[in-house]
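Engineer: Generate coordinates for the sequence data below:
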Amino acid sequence: MIYYAIALFVLLIDQYSKWIIRNKLSLNESHPMIRDVLQITSIRNRGAAYGILEGQHWLFIAITFIIICGILWYIRKVLREKRKILAIASSFILGGAIGNLTDRIFFGKVVDFIQFNFHFTIFGHLFYPLQIFNIADSAIFLGVVLIFTNASFEWIKESKVKKAY
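Structural biologist: All right, here's what the predicted structure looks like:
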């Protein structure tokens, strides 16, 4: 039950933060938080990351619903296998997915507001590596990082066992 509580916690924080942005900032309004590095900027995203597939509202709802069902199944599976890290990671992804799905269903777009301002140059081309995002996106990212980290440790462990034989 704790894993569903984690997902609920992520969902509540995400929706509360988006409620604040919707009610306290105008669209495209921006406020610096940490000098020029971090600011809160109120935008709406009708697409996926970087606005791709903008306007595919029902496609995103359908895909997200399927993903949520898959995550619920996966949490039960990894819990039977006593793989708690994967269940925690999946809980973060679940909460984030439901948070962004909630926005799409009720508002037709996702509220994004966390903006990091830094850049780097590669071969003379200027890049801004991060798009404006939200708490749900952060939770999904954290869950994916946990899954990859867990997979890396398992791969290292398996490699050591194979070398021992």
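Engineer: the bottom helix or strand of the chain by mean pLDDT?
Structural biologist: Taking mean pLDDT, DSSP states H and E as the measure, the chain has strand 125-127 as its least confident helix or strand, at a mean of 67.
Engineer: Specify the next element, helix or strand, located C-terminal of that one.
Structural biologist: Reading on from strand 125-127 to the C-terminus, the next helix or strand found by DSSP states H and E is helix 135-164.
Engineer: buried stuff in that next one?
Structural biologist: Within helix 135-164, the residues that qualify as buried are I135, A136, D137, S138, A139, I140, L142, G143, L146, I147, N150, counting by 16 or more other C-beta atoms under 10 Å. Every residue, glycine included, has its C-beta placed from N, CA and C.
Engineer: Quick check: the gap between the fifth one and L12.
Structural biologist: Between A139 and L12 the distance, using C-beta to C-beta, to the nearest Å, works out to 11 Å.
Engineer: Name all residues that make contact with the nearest residue to L86 once chain neighbours are set aside.
Structural biologist: With sequence-adjacent residues excluded and distances taken as C-beta to C-beta, 6 or more residues apart in numbering, L86 is closest to V78, at 4.2 Å. For V78, the contacting residues are K84, L86, A87, S90, taking C-beta atoms under 8 Å, 6 or more residues apart in numbering as the criterion.
Engineer: Out of the residues you listed, which end up buried?
Structural biologist: In terms of neighbour count (16+ other C-beta under 10 Å), the buried residues within these are L86, A87, S90.
Engineer: Just give me the closest of those residues to N23.
Structural biologist: N23 lies nearest to S90 out of those, by C-beta to C-beta, at 31.2 Å.
Engineer: Quick check: which element contains that closest one?
Structural biologist: helix 84-107.
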